[in-house]
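A.B. asks: 3D, please:
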Amino acid sequence: MIRFSKTLSHVSIYLLLATLMPVMVFSIIMISLKDLVNKGYELLNRLGEWLTQVSESGLSTINSIGWTVLIICLIAYGALIFNLVLINSRKSYKQRIGYFLALGMGIGLFIVSLLPIIIFNSTHKQDPVLNLLLGLLIVFIGLNGGLLTVGSIFGLISAKTSVDTYEDKKKVAK
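C.D. replies: Numbers count the residues shown, from 1 in each chain. So this is what the prediction gives:
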C-alpha cells in the first residue's frame, strides 16, 4: 500500500510539474506582450493590429497578470519539490508531514479547478471558448489534484509508524 500511495503521489506531482511549464511559458508571453506591441513586430501583423487597439492600461494589466502567474508557478515548483523530499524521507514524521501537505494541495487544486466551471455554468452563459478553457483547467489541474489527494490519503494510511522501521541497504556477502 505504501508503494501504491507513493506512486500516486509521485505521478501527480510529476504531472503538475509538467503542467506548470506551459503555464509559465504563457505567463512569459503575457509579460513580454507590452514590449511586442510597442516595438511593432511585422511578423505579428494581425495580432499587432488588435493589440494596438488595446489601451496602455490593458497592456499593463496583462503584464502584471503574467508576472503574478509566473511567481505562483515558481512557488508551486518549490512547494512540490519540497513535498517530494518529505514523502521520500525515511523518517515517518517527515513522510506524514509530506502527505498532509500533499493532501491539502490536492484538495485545494481540485476545488480551485472546479469552482470556475460551477460559477460559469450557474450563469447559463454557454461560451464554447470559455468551456474549453475551463475543461482544460479541470483536466490539467483538477485531475492532478485528485490523484494527489488519493495518493496522500493512501500514504497517510500506510505511512511508517516508527522512525526505525525502514530496511537498511546492506551488502550481502557471498
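A.B. asks: Helix or strand: which one has Thr7?
C.D. replies: According to DSSP states H and E, Thr7 maps onto helix 2-39.
A.B. asks: Would you mind stating the distance between Leu101 and Ile117?
C.D. replies: Between Leu101 and Ile117 the computed distance is 26 Å (CB to CB, to the nearest Å). No exception for glycine: its C-beta is placed from N, CA and C like everyone else's.
A.B. asks: tell me the mean pLDDT for the helix holding Thr7?
C.D. replies: In this model, helix 2-39 has a mean pLDDT of 74.
A.B. asks: Which positions within it qualify as buried?
C.D. replies: 5-6, 8-10, 12-13, 15-16, 19-20, 23-24, 27, 30-31, 33-34, 36-37 (16 or more other CB atoms under 10 Å).
A.B. asks: Same check on stretch 130-150?
C.D. replies: 134, 137-138, 140-150.
A.B. asks: so where's the protein uncertain?
C.D. replies: For the chain, residues meeting the criterion pLDDT under 70 lie at 1-2, 28, 35-48, 50-51, 125-129, 132, 160-174.
A.B. asks: Helices of that one, residue ranges please.
C.D. replies: Using DSSP state H, the helices found in the chain span residues 2-39, 45-53, 56-87, 92-122, 128-137, 143-158.
A.B. asks: Now do the longest one: which elements does it pack against?
C.D. replies: Counting contacts by 3 or more CB pairs under 8 Å, 6 or more residues apart in numbering; DSSP states H and E, helix 2-39 is packed against helix 45-53, helix 56-87, helix 92-122, helix 143-158.
A.B. asks: distance between the last one and the chain's centre?
C.D. replies: I take that to be helix 143-158. Centroid displacement of helix 143-158 relative to its chain, using CA atoms, centre = their mean, to the nearest Å, is 15 Å.
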